[in-house]
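Trainee: predicted model and sequence follow; I will ask about them next.
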Amino acid sequence: MDLFSSSWAALRAAVAELRDQDFERPSGCTGWLVRDLVCHLIIDAQDVLITLVTPADAEPTRNAVTYWNVAGTPPTGDDPLDALIVRLAAAYEQPWLLKFHLDDVGSAAGRAAELADPGVRVSTQDQVLTAGDYLSAYVLEWTLHHLDLIAHLQDAAEPPTESLSRTREMLEEIAGEPFPASWSDKDALLVGTGRRAPTDAEKTELGELAAKLPFVLG
């Protein structure tokens with residue numbers, strides 16, 4: 001729960017510090033500018049609010065790691081929902097409106113997470129999780145999107161160290177084996193999720209794991 005709060009606060013702070021021109025730069029998400037990614041974060045925050053007030057009586061079907069659907073093909077940016085995000089982001093017209101909406105909805109999502117009982121079962125996308133597992137899953141979402149946000153921005157603050165570490169642990173659980181111990185958490189996440197291609201030397205270090213990459217999470 002604490003990692004949810006710290007990773008979400010760090011990501012919102014990074015958005016708050018963006019300059020207007022930064023919104024027109026590419027993000028680390030294929031086909032999305034920074035403004036599109038920020039619009040996606042607004043929808044994510046709405047999802048958090050909706051899920052935390054959608055109780056479930058059934059036994060959990062997913063946990064923080066199995067919450068994610070894993071594919072082996074990176075997105076192309078042509079998905080209809082991805083295209084809708086682009087149109088929504090453009091409709092804001094002014095960067096400050098995106099910042100304002102994210103701060104407004106994002107702050108509410110953060111407060112709701114702090115008030116949530118981690119043992120309560122909630123439902124989302126036809127799955128049942130405890131609130132604690134659901135919020136833990138979002139540490140991965142916030143951390144990867146923080147890296148996406150600053151992918152082409154110099155001197156921007158990176159995700160908290162503990163968030164990077166926990167996200168790496170979750171990705172390694174998904175992968176079924178660890179990434180090389182010599183790799184930084186950031187490199188493991190970027191390469192492991194297909195956000196950058198491994199170098200020849202890195203492929204050698206990965207060994208058999210190289211053939212399983214990337215782990216595209218959705």
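Mentor: Alright, I've got the coordinates. Residues are numbered from 1 along each chain as shown.
Trainee: in this structure, which ranges drop under the pLDDT threshold?
Mentor: For the chain, applying pLDDT under 70 flags the ranges 77.
Trainee: mind doing that once more with 90?
Mentor: Where the chain drops to pLDDT under 90, the residues are 1, 30, 71-83, 154-155, 218.
Trainee: regarding it, what is its longest helix?
Mentor: helix 95-115 (DSSP state H).
Trainee: tell me where the chain has helices.
Mentor: All helices of the chain, identified by DSSP H, fall at 2-16, 34-52, 80-92, 95-115, 131-149, 161-175, 185-192, 200-206.
Trainee: chain center to stretch 93-110, what's the gap?
Mentor: Distance of stretch 93-110 from the chain centroid (CA atoms, centre = their mean, to the nearest Å) equals 17 Å.
Trainee: show residues contacting it.
Mentor: The contact list for stretch 93-110, computed with CB atoms under 8 Å, 6 or more residues apart in numbering, reads 5, 8-9, 12, 15-16, 18, 20, 23, 35, 38-39, 41-42, 45-46, 48-49, 89, 92. Placement of C-beta: from N, CA and C, glycine included.
Trainee: residue closest to the middle of this structure?
Mentor: With distances taken as CA atoms, centre = their mean, the residue of the chain nearest its centroid is E141 (2.0 Å).
Trainee: that one and T167, how far apart?
Mentor: Using CB to CB, to the nearest Å, E141 is found at 9 Å from T167.
Trainee: go ahead and confirm the residue nearest to the centre of the chain touches L41.
Mentor: No - with contact defined as CB atoms under 8 Å, E141 does not count as touching L41 (9.2 Å).
Trainee: what's the most buried one of the helices of the chain?
Mentor: helix 131-149 (a mean of 24; mean count of other CB atoms under 10 Å).
Trainee: relative orientation of that helix and helix 34-52 in degrees?
Mentor: Put simply, helix 131-149 runs at 180 degrees to helix 34-52, going by axes from the mean of the first three to the mean of the last three CA atoms, to 10 degrees.
Trainee: OK, contacts around K203?
Mentor: Here K203 is in contact with A210 (CB under 8 Å, 6+ apart).
Trainee: quick one: the longest helix of the chain to helix 80-92, angle?
Mentor: Using the same axes, to 10 degrees: helix 95-115 against helix 80-92 is 120 degrees.
Trainee: put the alpha carbons of helix 95-115 into PDB.
Mentor: This file holds the C-alpha atoms of helix 95-115, laid out as PDB (Å, rounded to 0.1, in the frame of the first residue of the first chain):
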ATOM      1  CA  PRO A  95      -1.400  21.200 -21.200                       C
ATOM      2  CA  TRP A  96      -2.500  22.800 -18.000                       C
ATOM      3  CA  LEU A  97      -5.900  21.200 -18.400                       C
ATOM      4  CA  LEU A  98      -4.400  17.800 -18.500                       C
ATOM      5  CA  LYS A  99      -2.300  18.600 -15.400                       C
ATOM      6  CA  PHE A 100      -5.300  19.900 -13.600                       C
ATOM      7  CA  HIS A 101      -7.500  16.900 -14.300                       C
ATOM      8  CA  LEU A 102      -4.700  14.500 -13.400                       C
ATOM      9  CA  ASP A 103      -4.100  16.300 -10.100                       C
ATOM     10  CA  ASP A 104      -7.800  16.400  -9.300                       C
ATOM     11  CA  VAL A 105      -8.700  12.800 -10.100                       C
ATOM     12  CA  GLY A 106      -5.200  11.500  -9.200                       C
ATOM     13  CA  SER A 107      -5.300  13.000  -5.700                       C
ATOM     14  CA  ALA A 108      -8.700  11.400  -5.100                       C
ATOM     15  CA  ALA A 109      -7.400   8.000  -6.200                       C
ATOM     16  CA  GLY A 110      -4.400   8.400  -3.900                       C
ATOM     17  CA  ARG A 111      -6.700   9.200  -0.900                       C
ATOM     18  CA  ALA A 112      -9.000   6.300  -1.800                       C
ATOM     19  CA  ALA A 113      -6.000   3.900  -1.800                       C
ATOM     20  CA  GLU A 114      -4.900   5.200   1.600                       C
ATOM     21  CA  LEU A 115      -8.400   4.600   3.100                       C
END
